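Novice: sequence below, structure please.
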Amino acid sequence: MEYNNIRALLEKYWACETTEAEEAGLRMFYAAHEGPLPADLQEAAPMFRYFHAAGEGEAEELFSMPELFTDRPAPWETATKTEIKIIRPFWQGWMKYAAVLLAAAGIVYSINQHQVKLHGDATAFKDTYSDPKLAYEQTQRALQLLSRNLNKGKKEMEKLSYFNEAKGMVEGNRN
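Specialist: Residues are numbered from 1 along each chain as shown. Coordinates of the predicted model:
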């Protein structure tokens, strides 16, 4: 075959458009060709030579891997089940008990939170002061603090109203 025909077949091969007969022709070309090939044809040569050798059953002989670690047998091939002893760290046995304890604590906590949500907090309705006068004074202080903070917010709102008035004046002048 001419190199131009091989180039055309390779183009078709890389585009996945070749037939089986054309692929067999490429394998035979690379297997039978001896000598130097052009640079653009050399990159596909090892692959097609391998395909040719695999088709004839020679690939195993050409590309076999050496046996590694053959000087001693594997531990599972020689030892019996009674000889195998698994050593685990001491804390690994207790991990399952800790996990169960943690899960139980989480369940108890979630049940408690659910009951509080349904029935309300029982401590919220208890009287915290035994002296009613002291409770009244504490309530007044808390309400005064709340009033002062709300007045601060009112001052900020007044500033915002001044801004809105100025904006209205500017927009009124534009119209």
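Novice: please work out the average pLDDT along the helix or strand harbouring residue 158.
Specialist: For residue 158, the element it lies in under DSSP states H and E is helix 132-174. For helix 132-174, mean pLDDT rounds to 82.
Novice: swap in stretch 43-61?
Specialist: 72.
Novice: so the spatially most central residue of the chain is in which element?
Specialist: Centroid-nearest residue in the chain: residue 99, 24.8 Å away (criterion: Cα atoms, centre = their mean). For residue 99, the element it lies in under DSSP H and E is helix 90-119.
Novice: just how off-centre is that helix within its chain?
Specialist: 28 Å (Cα atoms, centre = their mean, to the nearest Å).
Novice: so which bits of that helix are buried?
Specialist: Within helix 90-119, no residue is scored as buried using 16 or more other Cβ atoms under 10 Å. Bear in mind the C-beta positions are built from the backbone N, C-alpha and C, glycine included.
Novice: and that helix, what's its mean pLDDT?
Specialist: 88.
Novice: what's it packed up against?
Specialist: Using 3 or more Cβ pairs under 8 Å, 6 or more residues apart in numbering; DSSP states H and E as the contact criterion, no helix or strand is in contact with helix 90-119.
Novice: care to break the chain down by domain?
Specialist: 3-62, 128-174 (automatic domain parsing).
Novice: dump the ones you listed to TSV, plus distance to residue 113.
Specialist: What follows is the domains of the chain, written out as TSV (distance: least, Cβ to Cβ, whole Å):
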stretch	distance to residue 113
domain 3-62	63
domain 128-174	23
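Novice: would JSON lines of those domains with mean neighbour count and distance to residue 107 be doable?
Specialist: Below are these laid out as JSON lines (neighbours: other Cβ atoms under 10 Å; distance: least, Cβ to Cβ, whole Å):
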{"stretch": "domain 3-62", "mean neighbour count": "13", "distance to residue 107": "59"}
{"stretch": "domain 128-174", "mean neighbour count": "9", "distance to residue 107": "32"}
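Novice: residue 110: which of those is closest?
Specialist: domain 128-174 (28.3 Å; Cβ to Cβ).
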